[in-house]
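1. quick check, what structure comes out for this input:
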Amino acid sequence: MSAAGVLSTPPHKVRARKTGDQIAQLEAQIYAVLATDHPQSVRHVFYRMTDPRLPVFVEKSDQGYKQIQHRMTEMRRAGTLPYDWITDATRRGHFTYTFSSGADFIRAYAGLYRADLWEYADEYVEVWCESRSIAGVIEADCRDLAVSLFPAGGFSSLTLAYSSAMGINDATDNGRKAAHVIYIGDYDPAGVLIDLSIEKELRQHLHSAVDLSFHRIAITEAQIEQYDLPTKPRKAGDKRSTHIKSTVEAEAMPARIMRKLLRDSVEVFLPDGAIEIAKVAEESERDGLRALAARMTAGEGRA
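-> Just a heads-up that it's a prediction; the model follows:
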């Protein structure tokens with residue numbers, strides 16, 4: 001399904017009252033963005049739909065966000081947009097898993113076995129991001145790269161920063177030469193201060209010998225022009241970070257670019273071939289666990 005071609009009229013904003021053709025075009029654009037790259041958050045898709053070069057676009061406002069949120073809800077309920085193409089890290093269920101036997105437990109979790117990618121790494125790496133919305137988009141990559149992910153939710157809680165600092169202390173106490181924090185956050189008067197606040201809080205709890213580096217990989221001023229990211233004027237009256245003239249939320253960066261920036265920033269600290277070696281080791285261990293479960297099941301049958 002293509003995002004273009006439904007309308008032949010010039011690009012224009014979708015307003016409160018939409019024609020059938022406008023709705024069809026907007027849904028085609030939403031589908032195309034997600035078919036190319038998923039999962040994404042609603043806010044990520046919203047920012048893609050504010051591009052005035054699209055045949056149909058929405059304004060950068062709460063009303064525009066609600067329009068995209070509503071259309072995506074309708075598409076999912078109609079079966080035209082897969083539910084798992086959308087991520088929502090702000091709401092999660094809590095489950096209790098039970099098993100019929102030890103063999104059943106081993107069989108269920110054998111596929112989750114992970115080899116230690118960082119066993120021979122010289123440095124420790126973890127990822128922080130400003131919001132749970134961003135966390136939902138990069139969570140799978142963090143899991144794949146076996147790095148901890150901390151969604152700050154704005155200016156971080158003292159408890160979250162303390163928990164991270166204890167992990168960094170443990171890693172460096174156990175042989176890591178240095179620690180690195182990879183950060184993704186908004187480029188706005190508050191956003192450019194949040195990572196500085198997180199770093200300051202972390203350093204208050206780190207051992208004096210810890211060599212910590214903090215890396216903001218998005219959003220930066222240079223990236224706004226590089227990736228042609230949509231901007232908004234700064235809020236009138238905000239006295240913070242007066243050098244910020246236009247603001248960009250992290251979700252404005254296309255998800256695939258954000259994921260690549262993250263992976264490139266983390267993988268540089270991994271030993272050569274670590275991912276490939278770990279995948280081979282994982283399959284071997286998983287096969288062994290499945291074989292153990294099969295033997296246990298056979299033994300239960302003889303009992």
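
2. could you pull out the strands in the stretch 151-300 of the chain for me?
-> 178-184, 212-218, 232-233, 246-247 (DSSP state E, counting those that start in this stretch).

3. return the most buried member of those strands.
-> Ranked by mean neighbour count, the strands of the stretch 151-300 of the chain are led by strand 178-184 with a mean of 22 (mean count of other CB atoms under 10 Å). From N, CA and C alone the C-beta is placed, and that goes for glycine too.

4. state the mean pLDDT of that strand.
-> Averaged over strand 178-184, pLDDT sits at 97.

5. hmm, back to that, make CSV from the strands of the stretch 151-300 of the chain and add distance to Thr36 to it.
-> Shown next, in CSV, are the strands of the stretch 151-300 of the chain (distance: least, CB to CB, whole Å):
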stretch, distance to Thr36
strand 178-184, 21
strand 212-218, 19
strand 232-233, 25
strand 246-247, 26
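
6. and Asp287, which of those is closest to it?
-> strand 178-184 (33.3 Å; CB to CB).

7. okay, now the sheet partners of the closest one, with direction.
-> When pairing is defined by DSSP bridges, strand 178-184 lines up against strand 123-129 (parallel), strand 212-218 (parallel).

8. which of those sits closest to Met49?
-> strand 212-218 (20.0 Å).

9. CA atoms only for that closest one, dumped as CSV, please.
-> Provided in CSV are the C-alpha atoms of strand 212-218 (Å, rounded to 0.1, in the frame of the first residue of the first chain):
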residue,chain,number,x,y,z
LEU,A,212,31.8,7.8,33.0
SER,A,213,31.0,9.2,29.6
PHE,A,214,27.5,10.5,28.7
HIS,A,215,26.5,10.5,25.0
ARG,A,216,23.5,12.4,23.7
ILE,A,217,22.8,10.7,20.3
ALA,A,218,19.5,12.4,19.7
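
10. mean confidence for that strand?
-> Across strand 212-218, pLDDT averages out at 97.

11. returning to that earlier point: between the strands of the stretch 151-300 of the chain, which gets nearest to Thr297?
-> Closest to Thr297 of the strands of the stretch 151-300 of the chain, according to CB to CB: strand 178-184, at 43.2 Å.

12. ok, now which ones touch the nearest residue to Leu292 once chain neighbours are set aside?
-> Nearest residue to Leu292, sequence neighbours excluded (CB to CB, 6 or more residues apart in numbering): Ile106, at 6.0 Å. Ile106 sits next to Leu289, Arg290, Leu292, Ala293, Met296 when contact means CB atoms under 8 Å, 6 or more residues apart in numbering.
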